[in-house]
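S.K.: Please find the sequence and the predicted model below.
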Amino acid sequence: MKEIVSVQNCSYQYEDGTEALKNISFSVRKGEKVVFLGGNGSGKSTLFLCMNGILRPTRGEILLDGKPIAYNRKGLLQHRSKVGIVFQEPDNQLFSASVYQEISFGILNMGVVKEQAHVAVKEIMEELEIMPFQKKPVHCLSGGQKKQVAIADVLIMSPSVILLDEPTSALDPRHTKLVRRFIDRMVEKGITVFVSTHDMDYAYEWADKVIIFKNGERMALGKPKELFVQKELIESCNLVQPTVVKLFQSLCQHGILTREKEIPTTMKELEQYLIGEKEKHSE
């Protein structure tokens, strides 16, 4: 699979002198599921803003399909149509009077004719289960509904990369499940998805690649099962190990399971391990 995003020696310094990013480098292949992890202030959101072109790195560059971002009006419009971002707080990106107007704004601004835009908006609203509240004022929506509309804002542009900053933050269980289902659909469409989150259990189960940040630096990059077993690394970055990893390691330490088994990805897999051990001892 070809490389779609390449971040090369990227640094960013705010006007007050704060170094938010320090020489960050990594590359991602098309279709990969990538999670950014780190405590508050670690640089995750700043890097998203750089990747979308809202901020320009102080040093280094970001490539999309092998081409650097062009920081002129035309170049940024093209880049943002390919690299969409959904902010942690939907209110920071929703501004139209109604849901329909909000979702149609971007595609109409790109020059798509009204009739064609209407068809596209209807399709995306049906896919994201927005039709029941399409005529509502945006400010009257619940937090979960606003998140649905914010995701629709991005998907309507048919991006090749989507950046999701804390996509389930402050959502109830129903909307959390809904948003995660939408994320899986993005992946099925071949979109390269980046998720910034504090949910270690979700990161462990979902990601192909994990990048851990601390104080603007990249501390680690690898597969979830390679990184999350490293307790000292995880805790030093103000994170906690996923529940299933902690429980598996504890069961191994107490001799209930053996480390010969592959670390389970889900609680269901761990449950099957335990059932297997019980059956083995009852024979």
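M.R.: Perfect, I can see it now.
S.K.: Show the residue spans covered by the helices in the stretch 51-200 of the chain.
M.R.: Along the stretch 51-200 of the chain, the stretches classed as helices by DSSP state H, counting those that start in this stretch are 73-82, 99-109, 114-127, 143-155, 173-188, 200-206.
S.K.: buried stuff in the helix or strand that Gln249 is a member of?
M.R.: In this assignment (DSSP states H and E), Gln249 forms part of helix 243-253. Neighbour-count burial for helix 243-253, counted by 16 or more other Cβ atoms under 10 Å, picks out Val244, Val245, Leu247, Phe248, Gln249, Leu251. Placement of C-beta: from N, CA and C, glycine included.
S.K.: count of residues packed around Val154?
M.R.: With neighbours defined by other Cβ atoms under 10 Å, the count for Val154 comes to 24.
S.K.: go on, the one 3 residues further on?
M.R.: Met157: 19 surrounding residues under other Cβ under 10 Å.
S.K.: residues touching it, list them.
M.R.: Arg80, Ser81, Gly84, Gly106, Ile107, Met110 (Cβ atoms under 8 Å, 6 or more residues apart in numbering).
S.K.: and the helix or strand following the helix holding Gln249, how far from the chain's centre?
M.R.: Following helix 243-253 in sequence order, the next helix or strand is helix 267-282 (DSSP H and E). Relative to the centre of its chain, helix 267-282 is centred 33 Å away, using Cα atoms, centre = their mean, to the nearest Å.
S.K.: re earlier: which one of the buried residues of helix 243-253 is nearest Glu15?
M.R.: Nearest to Glu15 among these, counting by Cβ to Cβ, is Val245 at 40.4 Å.
S.K.: so the closest one touches Tyr204, yeah?
M.R.: Yes - using Cβ atoms under 8 Å, Val245 is in contact with Tyr204, at 6.8 Å.
S.K.: coming back round to it: just say which of the helices of the stretch 51-200 of the chain is most tucked in.
M.R.: Mean neighbour counts were compared across the helices of the stretch 51-200 of the chain using mean count of other Cβ atoms under 10 Å; the top stretch is helix 143-155, at a mean of 23.
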